[in-house]
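A.B. asks: no FASTA, just this:
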Ligand code: DGP
Ligand code: NA
Ligand code: NA
């Protein structure tokens with residue numbers, strides 16, 4: 001029987017590595033190929049919780065590290081029903097950052113362990129495929145706007161990268177992000193085309 005549900009694809013990686021650009025290009029690729037696809041971005045700064053997160057990221061609002069962790073997670077739960085419904089109706093859902101960012105950024109602060117960080121993410125939809133855009137931190141530093149938000153220092157980003165490496169699971173695909181946009185896109189398309197036929201009907205949960 002043909003598969004009814006859509007695929008949940010998550011983009012992860014350091015700040016300024018090109019996740020949003022590639023996620024949006026993948027949405028367009030699906031649409032060009034006759035599939036319904038939707039772009040979701042975390043944090044979603046448009047909700048009341050997202051607005052607090054935005055103020056924190058811009059350095060306008062101080063927040064306890066554990067509190068901001070939980071707000072990021074709450075922001076993902078806000079989208080659960082919508083993402084779940086879209087996937088079950090056959091739409092592809094392409095996500096720019098997810099629970100892995102939650103763990104990577106908070107663990108990097110040294111204030112909580114993996115188990116504590118993963119706890120509130122438990123029960124969120126598990127991605128079918130994670131695209132990890134990989135780059136040296138040195139390359140990212142030179143990209144426009146690096147340094148504008150609170151997490152954008154080389155030391156912190158190096159630690160984030162180290163934690164990502166520890167989070168990798170078999171459904172992760174590492175893509176070299178230090179190439180032109182089109183080359184990176186083609187690699188991502190190959191990964192997705194490879195995985196689509198093997199999708200199971202059941203949607204799994206984290207973690
Ligand atoms: P972006 O819009 O992708 O540049 O993300 C904004 C910043 O927020 C970026 O530095 C990564 C960080 N971030 C994203 N998700 C989380 C999360 O769940 N927890 C924490 N602590 N930071 C996050
Ligand atoms: Na950023
Ligand atoms: Na982005």
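C.D. replies: Noted; the coordinates are in hand. The structure displayed is predicted, hence computed values, not measured ones. Ligands and ions are numbered 1, 2, ... in the order given.
A.B. asks: only C-alpha atoms for contact and neighbour calcs from this point on.
C.D. replies: Fine.
A.B. asks: ok, how many other residues are close to the closest residue to residue 178 other than its chain neighbours?
C.D. replies: Taking C-alpha to C-alpha, 6 or more residues apart in numbering as the measure, residue 178 lies nearest to residue 135, with 6.1 Å between them; neighbours along the chain are not counted. Residues near residue 135, counting by other C-alpha atoms under 10 Å, number 20.
A.B. asks: residue contacts, residue 135?
C.D. replies: Residue 135 makes contact with 14, 17, 176, 177, 178, according to C-alpha atoms under 8 Å, 6 or more residues apart in numbering.
A.B. asks: Now do the helices in the chain.
C.D. replies: 19-32, 48-57, 65-78, 80-88, 99-107, 114-118, 137-141, 154-167, 181-195 (DSSP state H).
A.B. asks: most packed of those helices?
C.D. replies: Sort the helices of the chain by mean neighbour count, taking mean count of other C-alpha atoms under 10 Å, and helix 99-107 sits at the top with a mean of 22.
A.B. asks: Taking helix 154-167 as reference, get the angle to it.
C.D. replies: 130 degrees (axes from the mean of the first three to the mean of the last three C-alpha atoms, to 10 degrees).
A.B. asks: tell me what helix 99-107 is packed against?
C.D. replies: strand 8-13, helix 65-78, helix 114-118, helix 154-167 (3 or more C-alpha pairs under 8 Å, 6 or more residues apart in numbering; DSSP states H and E).
A.B. asks: Go through the helices of the chain and name the closest to ligand 1.
C.D. replies: helix 99-107 (3.0 Å; C-alpha to the nearest ligand atom).
A.B. asks: which residues sit against that closest one?
C.D. replies: Taking C-alpha under 8 Å, 6+ apart as the rule, helix 99-107 contacts 12-13, 65, 69, 72-73, 76, 112-114, 117-118, 121, 160-161, 163-164, 167.
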